[in-house]
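K.L.:
got a predicted model here, sequence first, then my questions.
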Amino acid sequence: MRLSLALRRACQLSDQGRRSHALGEPILRRDPAASATETVALVLGEDSPLPDTAADVEDLALRLRGHVSQLGALTPSQEPALLRAQQLCSGGLPDGYMPSRVHLVRLAEATQDLIATVQAHDVAPAKSVQRRRWWKPPINVLRGAVFALALACVVLAASVPRT
């Protein structure tokens, strides 16, 4: 299964975001509905082929389950679209070529309905609890502190009388 050029570009951008977060830069949060829409497009898009291998089917089903989990936090708990999507997610992936593909399409359709429900409710994502972030000193401040400590140790050692 091959990703379209636009989806490859989106994946590359998300990899750059991970790299910048590793370098200490703030990470930008994506809208869960937008990322779920991209995954649904991989399954239901007119120009997207059916997944070739069972591993591709499992990977897409796992992604869709994750999106249902994220979107479920943004919808009311008794919403019919959410209950249907959760019911499809709770069942395992059927064995066989056609049953697994049919289950994947149904899961993508349920996720698409859930996306529409989230967008209809126009619920903003819940703000995450911000932990207190410690000040990270620049490297030169650390070097200066180590130098000052070493100098204090040398002065202290020189002031002690020899016996």
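P.N.:
Perfect, I can see it now.

K.L.:
mind listing the helices in the chain by residue range?
P.N.:
Assigned by DSSP state H, the helices in the chain fall at 5-22, 32-44, 54-72, 80-90, 97-121, 139-159.

K.L.:
can you put those helices in JSON lines and add mean pLDDT and mean neighbour count?
P.N.:
Glycine gets a C-beta too; all of them are placed from N, C-alpha and C. Output for these, formatted as JSON lines (pLDDT from 0 to 100; neighbours: other C-beta atoms under 10 Å):
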{"stretch": "helix 5-22", "mean pLDDT": "50", "mean neighbour count": "11"}
{"stretch": "helix 32-44", "mean pLDDT": "86", "mean neighbour count": "18"}
{"stretch": "helix 54-72", "mean pLDDT": "89", "mean neighbour count": "18"}
{"stretch": "helix 80-90", "mean pLDDT": "88", "mean neighbour count": "17"}
{"stretch": "helix 97-121", "mean pLDDT": "88", "mean neighbour count": "17"}
{"stretch": "helix 139-159", "mean pLDDT": "95", "mean neighbour count": "10"}
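
K.L.:
nearest to Arg133, of the ones you listed?
P.N.:
helix 5-22 (13.7 Å; C-beta to C-beta).

K.L.:
ok, the closest residue to Val68 other than its chain neighbours to Gly72 distance?
P.N.:
Counting by C-beta to C-beta, 6 or more residues apart in numbering, Ala85 is the residue found nearest to Val68 once chain neighbours are left out, at 4.6 Å. Ala85 sits 7 Å away from Gly72 when distances are taken as C-beta to C-beta, to the nearest Å.

K.L.:
what do the two both touch?
P.N.:
Residues touching both Ala85 and Gly72 (C-beta atoms under 8 Å, 6 or more residues apart in numbering) are Leu114.

K.L.:
contacts only, for the residue nearest to Val68.
P.N.:
Counting by C-beta under 8 Å, 6+ apart, Ala85 makes contact with 68, 71-72, 107, 110-111, 113-114.
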